[in-house]
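Enquirer: kindly return the folded structure for what I paste below:
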Amino acid sequence: MSSVARLYPSRIAALRSKMKENDVDALVVSATSDMLYLIGRKLPNTERFNALILGQTGNPYLVVPELQYPLVASLAENAEIITWAETTDPIRVASDLLHRLDARSVAVDGLMRGAFLLRLQERVGRQVRFSDGTPLTAQVRLLKDADEIARLADAGGRFDAIWEAFWKNGRLVGVSEREVVEQIRKLLFAHGFDTMEWCDVGSGPNGASPLHHHSDRIIQPGDPVVIDFAGTIGGYFMDTCRTPVAGTPLPEFIEIHEITRKAHEAANERARPGVAAGDVDQAARDVIAKAGYGERFMHRLGHGLGLDAHEEPYIIAANRLRLQPGMVYSNEPGIYIDGKWGVRIEDIILMTSDGARSLNSATRDLVSMN
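Expert: Sure, this is the predicted structure:
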């Protein structure tokens, strides 16, 4: 994402359409990924108040600290930029704007700091109804546009190259989980990523905990190693997981790895436009349950991905949202055996008119490493 702020008129128009459908007079977006989505710039989310304020018509308002004006100056032709000095109350500025818009119904993004929201509610008065704006922005962001898909596809290809380099040149036997993290970190930055958001490495029994981070445990011969990492490039996330083995895998692990791979395939085969997200989760879950490991797959199948690592659509049993072309989500079934090991296989999936298209091509077969 360019460092120069720019408005995305089509995204703002789509959001305003949702505002009208839901009788929302004004939307207040704080310094979150929603702001990044709408103006192409991620402002600091600190104790200094930043907000993009949208009415149903007219130019957007951008309220920023005076010292941050250079970060958004490029928007001046298309937005009214209102700066506030260090001695000014920015909540009063925002409140005055809402009154100018004659806003009786105000939606606020779900990640606005509670202190800002409470002060804003007190300032505008009880006659104004506040609501959570997250469903509005989520509906608009749910379908990725061509530029976003291109960015995510590029990031997916870079992740494939990282996996190939790691399998070829990386080390597992006799090194610590923490050292594996450092191997992945170097590869991420070498392949152009801006950040490493996380790298979870669970070897042997540590892999039985789906959210194990990493430790100083030394990886032993025969240990499966669950490696789940994520990074950002140009503001967009990529996130994958594979479970290679240090040395020669035991037959029992080969079996559960193959079950997990088949569950991954079943989910992709079930995924089609119009199919409920929960039905895709169920397709993978059925494979694992039939093999006798149903209780050992204890998390959802997947989550959406884009400007946030976890966003809509969530691929979970209760979600009846119908998949549509342009949605992007993870497919990551897993089996976790307490005291022994775990396995997870994760790709990022783009829903197309023809069905599921993986943005990752790195092999999902079992890989043995030195």
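Enquirer: name the nearest residue to the most centrally placed residue in the chain, sequence neighbours excluded.
Expert: Within the chain, the residue whose C-alpha comes closest to the C-alpha centroid is A309; the distance, by C-alpha atoms, centre = their mean, is 1.9 Å. Distances taken as C-beta to C-beta, 6 or more residues apart in numbering place F237 nearest to A309, at 4.7 Å, with adjacent residues excluded. To be clear about C-beta, it is placed using only N, CA and C from the backbone, and glycine gets the same treatment.
Enquirer: wait, a strand at the residue nearest to the centre of the chain?
Expert: No: when DSSP: H, G, I helix; E, B strand; the rest coil is applied, A309 is found to be coil, with no strand at that position.
Enquirer: model confidence for it, exactly?
Expert: pLDDT, A309: 97.
Enquirer: what of S2?
Expert: Looking at S2, its pLDDT reads 46.
Enquirer: begin at 17, not 1, for the rest of this chat.
Expert: That works, and once the first residue is 17, the last one we named lands at S18.
Enquirer: is it correct that the residue nearest to A325 is in contact with L321?
Expert: Yes: counting by C-beta atoms under 8 Å, F253 touches L321, with 5.3 Å between them.
Enquirer: what is the helix or strand hosting T256 packed up against?
Expert: Element membership for T256, per DSSP states H and E: strand 252-258. Contact here means 3 or more C-beta pairs under 8 Å, 6 or more residues apart in numbering; DSSP states H and E; on that basis strand 252-258 packs against helix 162-185, strand 241-249, strand 363-368.
Enquirer: closest to S49 out of these?
Expert: Each of the helices and strands packed on strand 252-258 was scored for nearness to S49 using C-beta to C-beta, and the closest is strand 241-249 (10.7 Å).
Enquirer: from the middle of its chain, how far away would the closest one be?
Expert: The chain centre lies 12 Å from the centre of strand 241-249; the measure is C-alpha atoms, centre = their mean, to the nearest Å.
Enquirer: then stretch 30-41?
Expert: Centre-to-centre, stretch 30-41 and its host chain are 24 Å apart (C-alpha atoms, centre = their mean).
Enquirer: in it, what's buried?
Expert: Judged by neighbour count (16 or more other C-beta atoms under 10 Å), stretch 30-41 contains these buried residues: 30-32, 34-35, 40-41.
Enquirer: now, which of the residues you listed lie within strands?
Expert: The strands, defined by DSSP state E, take in nothing from the buried residues of stretch 30-41.
Enquirer: need the residues you listed in TSV (columns: pLDDT).
Expert: Supplementary listing: the buried residues of stretch 30-41 in TSV, determined by pLDDT from 0 to 100:
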residue	pLDDT
A30	97
L31	97
R32	98
K34	97
M35	98
V40	98
D41	98
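Enquirer: tell me the one among those residues nearest to Y85.
Expert: The shortest distance between Y85 and any of the buried residues of stretch 30-41, using C-beta to C-beta, involves L31 and amounts to 24.2 Å.
Enquirer: show me the contacts for that closest one.
Expert: For L31, the contacting residues are 43, 54, 70, 152-153, 156, taking C-beta atoms under 8 Å, 6 or more residues apart in numbering as the criterion.
Enquirer: do the same with I353
Expert: 224, 272, 312.
Enquirer: ditto for L152
Expert: 31, 34-35, 38, 40, 43, 123.
Enquirer: please name the bridge partners of A372.
Expert: According to DSSP bridges, M367 are recorded as the beta-bridge partners of A372.
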